[in-house]
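Engineer: What follows is a predicted structure for the sequence shown.
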Amino acid sequence: MSSQKTWSSNYVFLLASIGSTVGLSNIWKFTYLAGENGGGAFVLVYVLSLMIMGVPILAAEMVIGKRGEKSMVGTLQNLAKSDGLHQGWKYFGWVAMVTVFLILSFYCVIAGWTLDYTITSLAGSLNNLNKESAAAFYQQLLDSPFRMMLGQGIFVLATTWIVAKGVQDGLEKSVGWMMPTLFVILLLLVLYGAIFGELGKALQFLFAPDFSKLTPSVVLAAFGQAFFSLGIGVGVMLTYGAYMPPHTNVLKSSAIIAFSDGAASILAGLAIFPIVFQYGLSPAEGPGLIFVTLPMSFAEIPGGGFIGAFFFLLLFFAALTSSISLLESIISHLEETLPYSRARITWVAGVLLWLIGLVTVFSFSSLKDFAPLGFIFYFEGKTIFELIDYFGSNVLMPLGGILMALLAGWLLNKKETLAAMNVPDTFQLNTWHALIKYIVPLILIWLWWYLI
């Protein structure tokens, strides 16, 4: 493999991988799910699920990439030759690549909202909001295709520009400053919440579990959040694993990445919930917690416009570090198969990404009443955006996770796979193999059944 397709150091690999996993799901989705599911009990199960399911399946996906040393499709083709896999496995790679592209198309739209809110916060447009006006402001964004297209376009442009520059000149240099900046902003917001918010209530809500609220649906929600926040099942981490330095301890790296992912989620909770409780707001506000409820509280606190902009800038960086990994997993394969430069391939893909994302943009406005599969009872009322989200997040990603576990635990050459893990502790290695062979597939099948 070319040195340009290898991380220059294990430290950079870890930064990039953490950047891939830490995204909107950690800050936006984790906080509203924790709020809806009772706080502490949900958080406890979420942390346990990262350990029991997250680390093993993350390690499995990365070691598959490390062994194949190419994009997901290329890796599966290489492993078909070396380990006797059926050639049909390459179609799993193609489906995963299309899934990533569709997920990224709407991810860029939602990420564009964070940029819009950053600018409007600085401009003072979010000052003096109450519950009604905050909801109306959010609805105005959804009703304005031009505003959403502008934010989406800038975000796609930033993502495309970074990926077009390559692994070392683009991805490495960007995550080298974005990831430390992201965590610094997050810690500053936690400090701000501790000073001006109800930190005690937030700590109790997040870390004092009420086990009466620990229902099967809460457990499933926690496992689902752990799975989706790590971005497993569609070859993104496989691609990053393919660029991994050869002597990397895969299991240790997976544990560091999963720990950092969980830490980012909990820090987001410690930044947001003190403000929520300070102003008597409900933590169970659902998806509107970030874009409707928090702007109300920012309007009340000292320097709220600046703090709000700071917060939404954090969301923007988190989204960007994830989006570059999603796009990289696509470009990696196209670069292997097309006779064009990486830059040309990436810019064409960026244009297509923006165009396909317009479907999501209009799903919130002029196409909000259009349900293309409405004739099927199960999909009645679902917009195009909701269908893409459903099939990508609820069907294909968990299925991809199951197939990754099947590959690593059952189908690949065990000796070669364990050797590629580069784990000196035999007990750790055998424990991982047992989990990925027996326990993790059962958890993922259970989760998949619930989601569909």
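Structural biologist: In hand now; what should we look at?
Engineer: Quick one: low-confidence residue ranges for the stretch 151-300 of the chain.
Structural biologist: Scanning the stretch 151-300 of the chain for pLDDT under 70 picks out 286-287.
Engineer: ok, Leu313 - contacts?
Structural biologist: Leu313 makes contact with Thr114, Thr118, Ile185, according to CB atoms under 8 Å, 6 or more residues apart in numbering. All C-beta spots, glycine's among them, are computed from the backbone N, C-alpha and C.
Engineer: what about it, which SS state?
Structural biologist: Classification of Leu313 by DSSP: H, G, I helix; E, B strand; the rest coil places it in helix.
Engineer: Return the member of the contacts of Leu313 nearest to Gly151.
Structural biologist: Thr114 (7.8 Å; CB to CB).
Engineer: about what we covered before: most neighbours of all the contacts of Leu313, which one?
Structural biologist: Counting neighbours by other CB atoms under 10 Å, the top entry in the contacts of Leu313 is Thr114, with 26 neighbours.
Engineer: Quick check, that one in contact with Leu320.
Structural biologist: No - using CB atoms under 8 Å, Thr114 is not in contact with Leu320, being 9.4 Å away.
Engineer: Now name the helix or strand holding Leu418.
Structural biologist: Here Leu418 sits within helix 414-421, counting by DSSP states H and E.
Engineer: Buried residues, that helix. List them.
Structural biologist: Thr417, Leu418, Ala420, Met421 (16 or more other CB atoms under 10 Å).
Engineer: Does Leu444 touch Ile402 like I think?
Structural biologist: Yes - here Leu444 reaches Ile402: they are 4.8 Å apart, a contact under CB under 8 Å.
Engineer: Which residue ranges of this structure form strands?
Structural biologist: Counting by DSSP state E, the chain has no strands at all.
Engineer: quick one: contacts for the closest residue to Val361 other than its chain neighbours?
Structural biologist: Spatial nearest neighbour of Val361, chain neighbours left out: Met148 (4.7 Å); criterion: CB to CB, 6 or more residues apart in numbering. Each residue near Met148 by CB under 8 Å, 6+ apart is listed here: Val109, Gly112, Trp113, Asp116, Leu141, Leu142, Val361, Phe364, Ser365.
Engineer: and if we set it to 7 Å?
Structural biologist: Met148 makes contact with Val109, Gly112, Leu141, Val361 under the criterion CB atoms under 7 Å, 6 or more residues apart in numbering.
Engineer: is it true that the second one touches Val156?
Structural biologist: No - Gly112 sits out of contact with Val156 when judged by CB atoms under 7 Å, with a separation of 8.4 Å.
Engineer: hang on, the earlier thing: comparing Leu444 and Ile402, which residue is more hemmed in?
Structural biologist: Between Leu444 and Ile402, counted using other CB under 10 Å, the more crowded position is Leu444 (26 against 19).
Engineer: So that one is in contact with Pro398, correct?
Structural biologist: Yes - the pair Leu444 / Pro398 is scored as a contact, 5.8 Å apart, by CB under 7 Å.
Engineer: residues making contact with stretch 71-87?
Structural biologist: Contacting residues not belonging to stretch 71-87 are listed as 64-65, 67-70, 89-90, 92-94, 96-97, 235, 238-239, 242, 329, 332-333, 336, 411-413 [CB under 7 Å, 6+ apart].
Engineer: Take those and keep only those in helices.
Structural biologist: Residues of the contacts of stretch 71-87 located in helices (DSSP state H): 64-65, 67-68, 89-90, 92-94, 96-97, 238-239, 242, 329, 332-333, 336.
Engineer: The stretch 201-350 of the chain: helices as residue ranges?
Structural biologist: Secondary structure of the stretch 201-350 of the chain by DSSP state H, counting those that start in this stretch: the helices cover 216-230, 236-242, 250-278, 288, 294-298, 304-337, 342-363.
Engineer: How far does the second one sit from its chain's centre?
Structural biologist: In this case it means helix 236-242. Put simply, helix 236-242 sits 14 Å off its chain's centre (CA atoms, centre = their mean, to the nearest Å).
Engineer: Also the fifth one?
Structural biologist: In this view, helix 294-298 has its centroid 24 Å away from the chain centroid, taken as CA atoms, centre = their mean.
Engineer: Likewise for the last one?
Structural biologist: Between the mean C-alpha point of helix 342-363 and the mean C-alpha point of its chain there is a distance of 19 Å (CA atoms, centre = their mean).
Engineer: List the buried residues in that helix.
Structural biologist: 342, 345-347, 349-350, 353-354, 356-363.
Engineer: do stretch 288-305 as well
Structural biologist: Of the residues in stretch 288-305, 289-299, 301, 304-305 count as buried by neighbour count, 16+ other CB under 10 Å.
Engineer: any chance of those residues in CSV, plus distance to Trp177?
Structural biologist: Shown next, in CSV, are the buried residues of stretch 288-305 (distance: CB to CB, whole Å):
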residue, distance to Trp177
Leu289, 29
Ile290, 24
Phe291, 27
Val292, 31
Thr293, 31
Leu294, 26
Pro295, 28
Met296, 32
Ser297, 29
Phe298, 26
Ala299, 31
Ile301, 28
Gly304, 27
Gly305, 25
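Engineer: before we move on, the earlier item: filter the contacts of Met148 down to the ones in helices?
Structural biologist: Under the assignment DSSP H, the contacts of Met148 contribute Val109, Gly112, Leu141, Val361 to helices.
Engineer: Return the member of those nearest to Phe391.
Structural biologist: Minimum distance to Phe391 across the ones in helices among the contacts of Met148 is 16.8 Å, recorded for Val109 (CB to CB).
Engineer: quick one, what contacts the nearest residue to Ile445 once chain neighbours are set aside?
Structural biologist: Spatial nearest neighbour of Ile445, excluding adjacent residues (CB to CB, 6+ apart): Ile402 at 6.2 Å. Counting by CB under 7 Å, 6+ apart, Ile402 touches Pro441, Leu444, Ile445, Trp448.
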